[in-house]
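J.: generate coordinates for the sequence data below:
(chains A, B and C)
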Amino acid sequence: MANLRYSKGLLISDTYAPNLKWNERGKIYIGYGKDYFDVMRYFNDSEIEVKDTVLDLLPFPQVKEIDNLRDYQRDAVEKWYASKRGVVVLPTGAGKTLIGLKAIEKCRVASIVVVPTVDLLYQWAKSVEEKMGVKPGIVGNGENQVRGITVITYDSLYTKAEELGNKFGLMVFDEVHHLPSEGYSQAAMLFASPYRLGLTATPEREDGRHRLLPSLVGPVVFRLTVDKLKGKYVSDFEVKRIYVELKEDEEERYAELRGKMSLYLKRKKLRLSSLKEFKRLVFLASREKEGREALLAWQEALRIAVNSRSKIDKLREILGQTEDGDKVIVFTRDTFMAYDISKEFLIPAVTYKTPKEEREEILRKFKDGEYKVIVTSSVLDEGVDVPDANVAVLMAGYGTRRQFLQRLGRVLRKKEGKNAVLIELVTKNTSDHGLSSRRRKNVPV
DNA sequence: TTGACTCAACATCCTTTGCTACAA
DNA sequence: TTGTAGGTTTCCATGTTGAGTCA
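T.: The predicted structure follows:
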């Protein structure tokens, strides 16, 4: 007979199982909470009788049944339910929340929903209340009520892991691509919850840590791309790319800065052919003056490329051609550009510096149609409830697929009559071109 | 309760077209 | 001649957020 128990994020066993390590001092086997599922499966498969006191679940409340799922949502839930572990990948606006709620309802076990922002904390809480008819617990943003269904932020998950780690049978990770980062993944490892569901539009990460997802949550069990939903469930859309050229003075400065950087790289025999080599440059920048200057030159050159004044001219043209009823969101890469555009065109800007109340007011007026155009840096990319728009103008951005798809998602909510359009402005013969092709790589649009 | 502030954590950061020494 | 490896780190800057602290 094996004895398996839980203490402060760890599994403790007197009998061997894979994933558990022998601890000489305590004369016991120890593992992470997350391995509970595999350890139990091993004991069951090996027909080892086990006294299991790991989970101490909170009672699950009486909930309303969730119906009105779209066919692909039902399909996603079924695929996940077969193993009760795994990641569902769906584009922004395709209704991931409903899939999470349906999973909770089907499992009928105490559940914890993990979200990256306070905005999402309350959005989820509202959905649970409306669709399931129960008030969920909320942990985060200064609140701390734990219930049979609880919504929590990733940051609070970390501090509460030892206390709550064996209270929930199911964990739902919203925007699960955040989970593999160093701190958050530690928190997830301390939880013993055997059932796990991850929701995201883009699981892949620039740092490659998405490789941890199968062990933290499970494999991708369902994936649907935007083009499959186009027209029926999300707006019909088109992506336009408009190329511009640097102004003469910008071109001169750009060449000067790139030259300065190249010279240094040549001297150091660096080629910047990979992220690793780029990190090497960052390292050198912390050690020697020339390195720092080279990196600063690279940064300034990039800023010139992505923020060329030609793009402002083009934006003027685009805004001049919009029709009645169009709603436009202009996306930039940095706050300078957002504020420059705001001043130039007299349109409201939303950045991380915008106070919460002011941000809410701008978004409300945009929703009501009082504002037709707003400009934003990257605050509205994720985790914020942004009113629908039908035109997105990408002045500049990162070279990541994720940001591109998130921004596209901002114009995809189905609206009658209006087709959506995403216009990307790209500066020719500069690193902006490279960023643009990188972010569109493997994007089915 | 709120507001202002600080701090820590997370994310991005690259693609060339070009080197150079050495082993097979 | 042709092909391939070559040296490998806690962080230049900026953007963004949640939590904690203190008045």
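J.: CA atoms for contacts and neighbours, from now on please.
T.: OK.
J.: tell me the contacts of the residue of chain A at minimum distance from DNA strand C?
T.: Closest contact between chain A and DNA strand C, by Cα to the nearest atom of the strand, is at residue A:117 (2.5 Å). Residue A:117 is in contact with A:153, A:383, counting by Cα atoms under 8 Å, 6 or more residues apart in numbering.
J.: ok, now residue A:424?
T.: Counted by Cα under 8 Å, 6+ apart, residue A:424 has contacts A:239-242, A:393-396.
J.: doesn't it fall inside a helix?
T.: No. Counting by DSSP: H, G, I helix; E, B strand; the rest coil, one finds residue A:424 to be strand, located in no helix.
J.: distance of the residue of chain A closest to DNA strand C relative to residue A:305?
T.: Residue A:117 is 32 Å from residue A:305, where distance means Cα to Cα, to the nearest Å.
J.: next SSE after the lowest-mean-pLDDT helix or strand in chain A?
T.: In chain A, no helix or strand scores lower on mean pLDDT, DSSP states H and E than helix A:226-229, which sits at a mean of 83. Using DSSP states H and E, the helix or strand that follows helix A:226-229 towards the C-terminus is strand A:237-244.
J.: mean confidence score for that next one?
T.: Averaged across strand A:237-244, pLDDT comes to 89.
J.: quick check, residue A:233 in contact with residue A:94.
T.: Yes. Counting by Cα atoms under 8 Å, residue A:94 is a contact partner of residue A:233 at 7.3 Å.
J.: ok, these two, which is more surrounded?
T.: Per other Cα atoms under 10 Å, whichever of residue A:233 and residue A:94 has more neighbours is residue A:94, with 24 against 17.
J.: is it true that that one lies in a strand?
T.: No. Counting by three-state DSSP, residue A:94 is not part of a strand but coil.
J.: hang on, isn't it packed against residue A:230?
T.: No. Residue A:94 lies out of contact with residue A:230 (Cα under 8 Å); the separation is 10.4 Å.
J.: thinking again about what came up before, and the residue of chain A closest to DNA strand C, its phi and psi?
T.: According to degrees, to the nearest 10, the main-chain angles of residue A:117 amount to phi -130, psi 160.
J.: how far away is it from residue A:362?
T.: For residue A:117, the distance to residue A:362 - Cα to Cα - is 19 Å.
J.: before we move on, back to that, list the buried residues of the least confident helix or strand of chain A.
T.: A:226, A:229 (16 or more other Cα atoms under 10 Å).
J.: cool, and stretch A:368-377?
T.: Those would be A:371-377, for stretch A:368-377 by 16+ other Cα under 10 Å.
J.: ditto for stretch A:162-173
T.: So for stretch A:162-173, counting by 16+ other Cα under 10 Å, buried means A:162, A:164-173.
J.: which residues touch that stretch?
T.: A:6-9, A:33, A:54-58, A:100, A:104, A:107, A:109-115, A:148, A:179, A:190-199.
J.: and the top helix by length along chain A, what does it pack onto?
T.: Counting by DSSP state H, the longest helix found in chain A is helix A:248-267. The contact analysis (3 or more Cα pairs under 8 Å, 6 or more residues apart in numbering; DSSP states H and E) places helix A:248-267 against helix A:289-306.
J.: what about residue A:124, how many residues close to it?
T.: Residue A:124: 25 neighbours (other Cα under 10 Å).
J.: give me phi/psi at it?
T.: Per degrees, to the nearest 10, the backbone of residue A:124 is at phi -70, psi -40.
J.: can you tell me how far it sits from residue A:252?
T.: 51 Å.
J.: what parts of the stretch 251-400 of chain A come near DNA strand C?
T.: A:269-271, A:276-277, A:279-280, A:282-283, A:285-287, A:292, A:295-296, A:333-336, A:351-353, A:376-380 (Cα under 7 Å from any atom of the strand).
J.: could you list which of those also contact DNA strand B?
T.: Near DNA strand B, judged by Cα under 7 Å from any atom of the strand, the entries from those are A:269, A:271, A:279.
J.: helix/strand/coil for the last one?
T.: If I follow you right, that is residue A:279. helix.
J.: swap in the second one?
T.: Taking three-state DSSP as the rule, one finds residue A:271 in the coil state.
J.: isn't it up against residue A:261?
T.: No. Residue A:271 is beyond contact range of residue A:261, at 10.8 Å (criterion: Cα under 8 Å).
J.: who's more crowded, the two?
T.: residue A:261 (21 against 12).
J.: okay, the more buried one: pLDDT?
T.: So, for residue A:261, pLDDT stands at 89.
J.: up against DNA strand B, what does chain A have?
T.: Residues of chain A lying near DNA strand B by Cα under 7 Å from any atom of the strand: A:177-184, A:205-207, A:269, A:271-275, A:278-279, A:397-400, A:402-403, A:431, A:434-435.
J.: are any of these buried, and which?
T.: Burial by neighbour count, 16+ other Cα under 10 Å: within the residues of chain A next to DNA strand B this picks out A:177-180, A:184, A:205, A:397-400, A:402-403, A:431, A:435.
J.: of these, which belong to helices?
T.: Using DSSP H, those in helices are A:184, A:402-403, A:431, A:435.
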